[in-house]
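>>> sequence? don't have it. structure:
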């Protein structure tokens, strides 16, 4: 669940009403860029996307990328379906969090944390997070030609990540991906085929374990 929470911290920024003042070449102010990205986040009700995830531990020299799809709807609903190399599923239906591993025929279900117990990640999923308020923003020197890499450090200590860096399209501020770091390594996500405000129904986040699943509670 640790890796999933780091994803939730930024997944809700992925889409929103585009900001289109034209392509940017001069280095922007980091705090201003965080505010503009926050405005995109506030326009999001739901989104869908394909994703590629690569986790690199401190002692790992080689990792196998994972691929799948994500559905997200405010508040508190998300569905990660991993398709390769191994199938697995993480689902929040608004009140419960489910993990399911088909190959092991095993899973778990736990209540979502209460608001006063929530991490920054879950606050963003619930629509109560704020980039400018909750993070200190900076722009690393090694920027990519058509992206802004916005580094964010949470102002209060988090259990699920230490830093996150957003990969933003320079023209639209669309989120192309991000990387989170903690004391165990780094987790990189890249999005594709993003679709915003599609009108996802709550039933898309319902989950039932198949018969025979060993369930931890």
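That came through fine. Quick caveat, the model's predicted, so the values are computed rather than measured.

>>> once you drop chain neighbours, what's closest to residue 102?
residue 87 (5.0 Å; C-beta to C-beta, 6 or more residues apart in numbering). No exception for glycine: its C-beta is placed from N, CA and C like everyone else's.

>>> thought residue 103 was touching the one you found, still the case?
Yes. Judged on C-beta atoms under 8 Å, residue 87 makes contact with residue 103 at a distance of 7.0 Å.

>>> helices of this structure, start to end?
Taking DSSP state H, the helices of the chain run over residues 2-11, 30-42, 120-126, 131-134.

>>> got a pLDDT number for the residue nearest to residue 102?
At residue 87, the pLDDT value in this model is 96.

>>> for residue 3, same thing?
53.

>>> for residue 137, same thing?
Residue 137 is assigned 95 on the pLDDT scale.

>>> any idea what it is bridged to?
residue 152 (DSSP bridges).

>>> rewinding a little: of residue 87 and residue 103, who's got more company?
Counted by other C-beta atoms under 10 Å, residue 87 and residue 103 do not tie: residue 87 has more neighbours, with 13 against 8.

>>> report the separation between that one and residue 208.
16 Å (C-beta to C-beta, to the nearest Å).

>>> ditto for residue 80
17 Å.

>>> could I get the full set of strands for the chain?
Remark: strands assigned in the chain by DSSP state E are 46-57, 66-73, 77-84, 88-93, 96-101, 106-111, 135-138, 147-154, 163-169, 175-182, 185-196, 214-216.

>>> and those: which comes nearest residue 30?
strand 135-138 (4.1 Å; C-beta to C-beta).

>>> where does pLDDT dip in this structure?
When residues are selected by pLDDT under 70, those of the chain lie in 1-25, 61-62, 114-128.

>>> just to revisit the earlier point, who's more crowded, residue 80 and residue 208?
Counting neighbours by other C-beta under 10 Å for residue 80 and for residue 208 shows that residue 80 has the greater number, 23 against 8.

>>> bridging residues for that one?
Assigned bridge partners for residue 80, using DSSP bridges, are residue 70, residue 90.

>>> I'd assumed residue 68 was in contact with it.
Yes. Contact criterion C-beta under 8 Å: residue 80 and residue 68 qualify, at 6.4 Å.

>>> gap between residue 56 and residue 152?
From residue 56 to residue 152 the distance is 19 Å (C-beta to C-beta).

>>> and what of residue 75?
21 Å.

>>> what does residue 89 give?
Distance, residue 89 to residue 152, by C-beta to C-beta: 28 Å.

>>> which of these two has more neighbours?
Using other C-beta under 10 Å, the more surrounded residue of residue 89 and residue 152 is residue 152, with 24 against 16.

>>> my read is that that one contacts residue 37, right?
No. When contacts are counted by C-beta under 8 Å, residue 152 is not listed as touching residue 37 (9.5 Å).

>>> what do the two both touch?
Here residue 152 and residue 37 have 131, 166 as joint contacts, going by C-beta atoms under 8 Å, 6 or more residues apart in numbering.
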